[in-house]
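Colleague: 3D, please:
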Amino acid sequence: MPTATPPPGPRTGPPAEAAGAPPGGKRALMALGLLVFLQLGLLLAAYGPSFAALQVRHGVGVAEVGTSVSAHFAGGFVGVLVAGLLIARLGYRRSMVLSALLLALGGAGVGFSGSWSLVLVGAALVGLGYGIAVVLYNFLFARAFAPAGAAAVNLVNGAYGVGAIAMPALIGLVTGAAIARDPAGIAQVPPVVFGFTTALALAVVAMALWVPWLPPTRSGASGRGSASPAGSRLAGGVVLFSALMFLYVAVEVATAAWAPTHLAEALGVARSALAVSVFWGALTAGRFLAAAFAARLRPANLILGGMALTLVGVGLAHVPAVALGGYALVGLGLAPVFPTTVVWIDRHFGERADRVAPWILAAGNLGPVVGAPAVGLAVALAGPAVVPSALALLLVALGGVVLAIRRRGTPSTGSPTS
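Modeller: Model (predicted):
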């Protein structure tokens, strides 16, 4: 590890760009970001609680209704991959408008369509807009608020958690009110819920057109030759950051998926379901907490501190009496990982970040494909008690990747960016 490290902060452009913001420009951009991430959290959490209403409205079975989520994530995968190209071609503002219009059109399709096929098309459009927005806003905030980008990205991702927690409660209230008026009224829940998210998306369009300042897009100019040392370091960095995102998302999804199974014997099935709420609540609170001091810490150190907390959490999860608190610590520890990694990617790759980031985030989307089934296999072989140990192995691997990246330099200079 190098003996001298430069002060934290991006290596190219952002401070000067941020300095050009007019009075109130950053505040307006932050307000837009909070609304966008609140909306994204509301949307992603809307599917599962709406399944019963969608089944009644469209006369589909359990297997069919789940394809709406598959359509969303398929669209999201494409959206993540094309986001960099769209930003380069259209710029930030028009990309914002495009992603919001896709979210509005798709939400209207899911909520108001009379055909199940059109619902699936709507879910795919929601996913497409969602994927574009995830890349666009995370990296925009990392740049626009530099050198406090980590704090800004953690803050807006905290708003995402608020939306994800609030939507199931909102759907519960709407469903209860609909059934109280008419036993068949549950069929009217999707138009209300997705009509609400569509209205939010249209508000985002208006705000994106109004926000007075955005930093210029990057040129992305850099050598592409993989045979050069810089090109070789670039490829190695992309692989390592992809592994970081892959393992992080795998741990996040596997924890939420398998914690209730692990706790069912000790707490009972009903109470064990609280583990998911506790985990997501702690993760959301942790992002707001991280935003308060992220600017004072290097990204690698903030992430490694979170990893240490998660390992304490999975250790406590082995003890039934304190297992629920253990999963809360896992949520707190994981909280800053994704937002802070976004900022670290931006600093590490500089002008190349907009080009490589979509591939790194796409790798993260594949994490649940392997992570949750791997923990499930461990449960099948050794029983539910193995869940914290399996999560610990994934967390140790994640920490190892973070350390490996911290030892590397930037693709072009070899200087550390941790």
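Colleague: Now name the helix or strand holding the closest residue to Ile405 other than its chain neighbours.
Modeller: Spatially, and ignoring its direct neighbours in sequence, Ile405 is nearest to Leu240 (4.9 Å; Cβ to Cβ, 6 or more residues apart in numbering). Yep, even glycine has a C-beta here, placed from its N, CA and C like the rest. Element membership for Leu240, per DSSP states H and E: helix 229-267.
Colleague: how far is that helix from where the chain is centred?
Modeller: Centroid separation between helix 229-267 and its chain, computed with Cα atoms, centre = their mean, to the nearest Å, is 12 Å.
Colleague: which secondary structure elements does it contact?
Modeller: Helices and strands touching helix 229-267, as assessed by 3 or more Cβ pairs under 8 Å, 6 or more residues apart in numbering; DSSP states H and E, comprise helix 269-272, helix 274-293, helix 299-317, helix 323-334, helix 337-349, helix 353-365, helix 367-382, helix 387-407.
Colleague: looking at those, which is buried most?
Modeller: Of all the helices and strands packed on helix 229-267, helix 337-349 carries the top mean neighbour count, a mean of 27, counting by mean count of other Cβ atoms under 10 Å.
Colleague: separation between the closest residue to Leu398 other than its chain neighbours and Ala363?
Modeller: Nearest-residue entry for Leu398: Leu247, 4.2 Å, with adjacent residues in sequence omitted and distances by Cβ to Cβ, 6+ apart. Separation of Leu247 from Ala363 (Cβ to Cβ, to the nearest Å): 10 Å.
Colleague: ok now do Gly195, which residues does it touch?
Modeller: Contacts for Gly195 (Cβ atoms under 8 Å, 6 or more residues apart in numbering) come out as 107-108, 111-112.
Colleague: again, only this time at 7 Å
Modeller: Counting by Cβ atoms under 7 Å, 6 or more residues apart in numbering, Gly195 touches Gly111.
Colleague: which element is it on?
Modeller: With DSSP H and E as the test, Gly195 turns up in helix 189-210.
Colleague: tell me how far that helix is from the chain's mean position?
Modeller: Per Cα atoms, centre = their mean, the displacement of helix 189-210 from the mean C-alpha position of its chain is 20 Å.
Colleague: in the protein, what spans have low per-residue confidence?
Modeller: Judged against pLDDT under 70, the low-scoring parts of the chain cover residues 1-20, 219-232, 409-418.
Colleague: What are the buried residues along the helix holding Leu240?
Modeller: Within helix 229-267, the residues that qualify as buried are 230-231, 233-234, 237-238, 240-264, 267, counting by 16 or more other Cβ atoms under 10 Å.
Colleague: Please apply the same query to stretch 42-50.
Modeller: Residues of stretch 42-50 classed as buried by neighbour count (16+ other Cβ under 10 Å): 42-47, 49-50.
Colleague: what distance separates the start and the end of it?
Modeller: According to Cα to Cα, to the nearest Å, stretch 42-50 extends 12 Å from its N-terminal end residue to its C-terminal end residue.
Colleague: hmm, who's touching it?
Modeller: In this structure, residues lying in contact with stretch 42-50 by Cβ under 7 Å, 6+ apart are 68-69, 72, 126, 130, 163-164, 166-168, 171, 189-190, 193-194, 197.
Colleague: and if we set it to 8 Å?
Modeller: Contacts of stretch 42-50 with the rest of the structure, by Cβ under 8 Å, 6+ apart, involve 68-69, 72, 103, 107, 123, 126, 130, 163-168, 170-172, 189-190, 193-194, 196-197, 200.
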